[in-house]
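Chemist: quick one: sequence and predicted model below, then my questions.
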Amino acid sequence: MKTSFIRLAAAIVASPMLLGLVQAQTWSLCNPMKKECPKDPALGGVYSHKYGGAAPGFDATGSAKMVQYKSDGGHFIVEKSGDAPTITSQFYIMYGKLDAVILAAPGGGIVSSLVMLSDTLDEIDWEWIGSDVGQAQTNYFGKGNTETYDRGAYHPVNHQEFHDYGIEWTPEFVKWSIDGVVVRTLTPSQVKGDFFPQSPMQIKLGSWSGGDPANDPGVIQWSQGPTNYKAGPFHMIVKSIDVHDYSTGNNYYYSDKSGSAASIRSDTGKINVGPGNVTPGDPEKEKPKTTTTSASPTSTSGSNNNNNNANGKGTSTTVGGAEPTNISPDNGGGTNKSPSNNNQDEDIRNGATGSSSPVLMSSLLAIVGVVGIGMAL
């Protein structure tokens, strides 16, 4: 195993194409460390959705055939080359907790991902390789830095069963959990340099084919490809998602270009109030936005903005504050933004430029963590 990891490390170092692919997978519409950017719409409370219909407050990338909603959950389907079904939250959180009940897509070369990603390219993620049924991968990045290859970790789990995968993120730690049991803890003291994740993040989840024959050999090897599309289609299924923002307010913004936590402001609330900030109905505490949704089975097109449950079915309730799903793109006033903004910034991880994958994720960047783990074996 060590030999294969060393070969993969050598492939990364030797292949500018692979480095370009790695860098181009995660990108920012506007990087506040490089220029002034619109404010980030804040969740400012709690979001909960049980799949059976499109999740309000998320935008989809992929056709209706790639993103389908059935009685057992939301299906993210890879059937052919180029398929990369993904949903991205319209809201951001500044510290908080994320839980999603997921069954990863099977198949060699197929990658499923659950990612928290900021405009400055801070990142925390879960990833699953379809044929690597006995384990999941965790990883993190700060400010898009990929200079060291020691961030990734493996965790035993049968990902062909539903499990609750969690991430809790505070100034003091990041904790990854499976079914409520913490499997990894990261503290700032363990991070080399100022690269502990510390800026407002969106939620992204979806799947893609790392084993596509068109990909670089190193990517295909990492994802245990090549992908045999004849064995598909490959379904990643998500039963539910729960998001808890540990800060409050309507928007988060950067007061300087440092990308540091100290630079983050909330226009109408507070940063890092903590998990105790959410007690809907308690008159003694600030009432943050709380949304609970469910919907009947349907399918959705990635070209649509999924602000409402398809077919008008399902329920949506809000307690204290505005409905976080009513987040609109920048109307020209420069105050808010939506991830569906067409003005894609050139800011790609580690300074790369050019077109990025529609997955909008860090999937290939797990190669970095994989190599680091292998080197340590």
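Modeler: All right, it came through fine.
Chemist: where does the stretch 51-200 of the chain dip in pLDDT?
Modeler: For the stretch 51-200 of the chain, the stretches flagged by pLDDT under 70 are 149.
Chemist: contacts only, for the nearest residue to Ala153 once chain neighbours are set aside.
Modeler: Distances taken as Cβ to Cβ, 6 or more residues apart in numbering put Thr138 closest to Ala153, at 5.1 Å, once the chain neighbours are dropped. (C-beta placed from N, C-alpha, C; glycine too.) Applying Cβ atoms under 8 Å, 6 or more residues apart in numbering, we find Thr138 in contact with Asp125, Trp126, Glu127, Gly152, Ala153, His155, Trp176, Val183, Arg184.
Chemist: between the residues you listed, which sits nearest Pro106?
Modeler: Glu127 (14.5 Å; Cβ to Cβ).
Chemist: okay, and the closest one sits in which element?
Modeler: Take DSSP states H and E as the rule and Glu127 turns out to sit in strand 123-129.
Chemist: now do that strand: everything it contacts.
Modeler: Under Cβ under 8 Å, 6+ apart, the answer for strand 123-129 is 26, 102, 104-105, 110-117, 136-142, 159, 165, 167, 169, 174, 176, 197, 201, 210, 222-224, 361-363, 365-366.
Chemist: from those, which land in strands?
Modeler: With strands taken from DSSP state E, the overlap with the contacts of strand 123-129 comprises 102, 110-117, 136-141, 165, 167, 169, 174, 176, 201.
Chemist: beta partners of the closest residue to Ile102 other than its chain neighbours?
Modeler: Spatial nearest neighbour of Ile102, chain neighbours left out: Val238 (5.3 Å); criterion: Cβ to Cβ, 6+ apart. Taking DSSP bridges as the rule, Val238 bridges to Gly74, Ile102.
Chemist: what is the neighbour count of Ile203?
Modeler: Other residues near Ile203 come to 26 when the count uses other Cβ atoms under 10 Å.
Chemist: name whatever forms a beta bridge with it.
Modeler: Bridge pairing for Ile203 - DSSP bridges - gives Met116.
Chemist: check what pLDDT it gets.
Modeler: Ile203 is assigned a predicted lDDT (pLDDT) of 97.
Chemist: repeat that for the one 4 residues further on.
Modeler: The predicted local confidence for Ser207 comes out at a pLDDT of 97.
Chemist: and the helix or strand where it lies, what does it pack onto?
Modeler: Assessed by DSSP H and E, Ser207 sits inside strand 201-209. In terms of contacts (3 or more Cβ pairs under 8 Å, 6 or more residues apart in numbering; DSSP states H and E), strand 201-209 is packed against strand 73-78, strand 86-89, strand 96-103, strand 110-118, strand 234-245.
Chemist: helices or strands up against the third one?
Modeler: Which is strand 96-103. Going by 3+ Cβ pairs under 8 Å, 6+ apart, strand 96-103 lies up against strand 110-118, strand 163-169, strand 201-209, strand 234-245.
Chemist: in JSON lines: these, plus distance to Gly269.
Modeler: Converted to JSON lines, these look like this (distance: least, Cβ to Cβ, whole Å):
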{"stretch": "strand 110-118", "distance to Gly269": "18"}
{"stretch": "strand 163-169", "distance to Gly269": "17"}
{"stretch": "strand 201-209", "distance to Gly269": "16"}
{"stretch": "strand 234-245", "distance to Gly269": "9"}
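Chemist: so where do the helices sit in this protein?
Modeler: 2-14, 16-24, 217-222, 366-376 (DSSP state H).
Chemist: gap between Asp212 and Lys239?
Modeler: 27 Å (Cβ to Cβ, to the nearest Å).
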